[in-house]
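In: kindly return the folded structure for what I paste below:
(one chain, ligands or ions: 4)
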Amino acid sequence: MSGRPKIFGHLMTEVIRKGTCVSCGSCVAVCPVNSIEMEGGTPKLVGLCVACGMCYANCPSAEFDVEEMEKLVFGRTRTEEEVDIGVHSAIYAVKAKGTDILEHCQDGGAVSAMLTQFLSEGGDGAVVTGLEDGAIWIAKPVVASTEHEVLDCAGTKYTSSPTLLGVCSAIEEHAMSHIAVVGTPCQIRGLSKIETGEFSDAAIRDAVDLKLGLFCMETFSYPSFMEFLEKEGVDASKVEKFEIKKGKFMAHQKGKDIYAVKLSKVKDLVRPCCHMCSDFASEFADLSIGNVGSPDGWSTVIVRTQKGDKILKKAEENGLVEIKPVDEGRTGRGIILKLAKIKRKQSEKHGE
Ligand SMILES: Cc1cc2nc3c(=O)[nH]c(=O)nc-3n(C[C@H](O)[C@H](O)[C@H](O)COP(=O)(O)OP(=O)(O)OC[C@H]3O[C@@H](n4cnc5c(N)ncnc54)[C@H](O)[C@@H]3O)c2cc1C
Ligand code: SF4
Ligand code: SF4
Ligand code: SF4
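Out: Ligands and ions are numbered 1, 2, ... in the order given. Predicted structure coming up:
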């Protein structure tokens, strides 16, 4: 970048007012004078701006050069075969072993198993997404330093949480220097910007050892989500798990479906920024993890870096997970590529 850097005012006009802010918290995390705060999911300038340019340069919804980022993160750009889901070396179906993880997790427990392996080999903590105490399904970043805390935050929350604030908290409040971060594709993009390039943040770059990205088609606006559930007669305070699978949105209580509708019925709850997002498979993570492409009760894991490969194989060696190649056909690799393609097309339609 040359000339005067773009600053918070540019974020305001180019991102926030245009409705493309994903509420990741990256701008808050990197402001050197702590002049940005999140208010109801939106960043606000609350102090003096010294015009350093950090917030704009590290925003995943501001200029994002995919090829440039691929070179910085992987040392190469994607090949023709990787065009839909980005740089990777393998795709597996993975399932945690042992009841503890399987009782808490969303799918095959691959995320929680990787975090368990990470903590067991000397990691200080993991930034995950839990729920606000005393509130109903409000997602918040949590710094977990034990397997118990990791499992407490397992499972998918279909609303957003400013994960990058959790990264700051791990470093500044918990004095951690080896952390793993679990995030949606947009959050992993923000983190990847922070770790690389001219405006990188050294403290965050040095502390983050592992990035676990989730597959993501959309998140819901929290107020619309709660209003919708109330209208449908679903008591959200009693729901133990929400799930989107095979074209359906479902709520579970005590292991049973208490509500299930076609996904088209919840499309109006999707945040506007998600319509403009082109990244389904967390293209800049070490490992990307979702459920499509694998049998029920298994997670699909895309290996993108050596770091990712190493921790997955270590978890297998230590009996934390079982691994098998993902099916190469229509219901395996095929469906992952198909959804990634659909999301990219949808973002083009909405003007990314
Ligand atoms: C908003 C959202 C949309 C998704 N959409 C798809 C999809 O379309 N297709 C698909 O195949 N998979 C999707 N996934 C991923 C899927 O729901 C599971 O997270 C994934 O399969 C991993 O399952 P697991 O059993 O290995 O994870 P677990 O072991 O249960 O761990 C899940 C981890 O995700 C973290 N997490 C939960 N909610 C959030 C959140 N909102 N933001 C950041 N981190 C969070 C938890 O804290 C936990 O660490 C989505 C996930 C999210 C959060
Ligand atoms: S000081 Fe820097 S990071 Fe903070 S608001 Fe201003 S430009 Fe953004
Ligand atoms: S960095 Fe994240 S929270 Fe800040 S403006 Fe950009 S998208 Fe929004
Ligand atoms: S769809 Fe994109 S912008 Fe929306 S939560 Fe998922 S990764 Fe973030």
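In: so what's the residue in the stretch 201-350 of the chain positioned nearest to ligand 2 up against?
Out: Among all residues of the stretch 201-350 of the chain, residue 201 sits closest to ligand 2, at 10.1 Å; criterion: CB to the nearest ligand atom. Just so you know, the C-beta spots here come from the backbone N, C-alpha and C atoms, and that holds for glycine as well. By CB atoms under 8 Å, 6 or more residues apart in numbering, the residues touching residue 201 are 29-30, 54, 58, 194-195.
In: and the pLDDT at it?
Out: With respect to pLDDT, residue 201 has a value of 96.
In: hmm, which two among the contacts of residue 201 are most spread apart?
Out: Pairwise distances across the contacts of residue 201 (CB to CB) peak at 13.2 Å, for the pair 54 and 195.
In: can you list the residues of the stretch 151-300 of the chain near ligand 1?
Out: Contacts of the stretch 151-300 of the chain with ligand 1, taken as CB under 6 Å from any ligand atom, map to 153-158, 160-161, 163, 182-184, 214-217, 219, 244, 289-292, 299.
In: and the residues you listed, which are buried?
Out: 153-158, 160-161, 163, 182-184, 214-217, 219, 289-292, 299 (16 or more other CB atoms under 10 Å).
In: tell me which entries of these lie within helices.
Out: When DSSP state H defines the helices, the subset of those inside them is residue 163.
In: from the buried ones among the residues of the stretch 151-300 of the chain next to ligand 1, which are also near ligand 4?
Out: Answer for those near ligand 4 (CB under 6 Å from any ligand atom): 160, 184, 216, 219.
In: for residue 73, give me its contacts.
Out: 87, 192, 196, 284, 305.
In: which of these sits closest to residue 209?
Out: Nearest to residue 209 among the contacts of residue 73, with distances taken as CB to CB, is residue 305, at 11.3 Å.
In: so for stretch 243-254, what gets flagged as buried?
Out: Of the residues in stretch 243-254, those buried (16+ other CB under 10 Å) are 243, 249-251.
In: got CSV for those residues, with pLDDT and secondary structure too?
Out: Conversion of those to CSV gives the following (pLDDT from 0 to 100; DSSP: H, G, I helix; E, B strand; the rest coil):
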residue, pLDDT, secondary structure
243, 96, strand
249, 97, strand
250, 97, strand
251, 97, strand
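In: make JSON lines out of those residues and add distance to residue 263.
Out: Formatted as JSON lines, the buried residues of stretch 243-254 follow (distance: CB to CB, whole Å):
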{"residue": "243", "distance to residue 263": "11"}
{"residue": "249", "distance to residue 263": "6"}
{"residue": "250", "distance to residue 263": "10"}
{"residue": "251", "distance to residue 263": "13"}
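In: ok, residue 54 and residue 195, which is more surrounded?
Out: residue 54 (24 against 20; other CB atoms under 10 Å).
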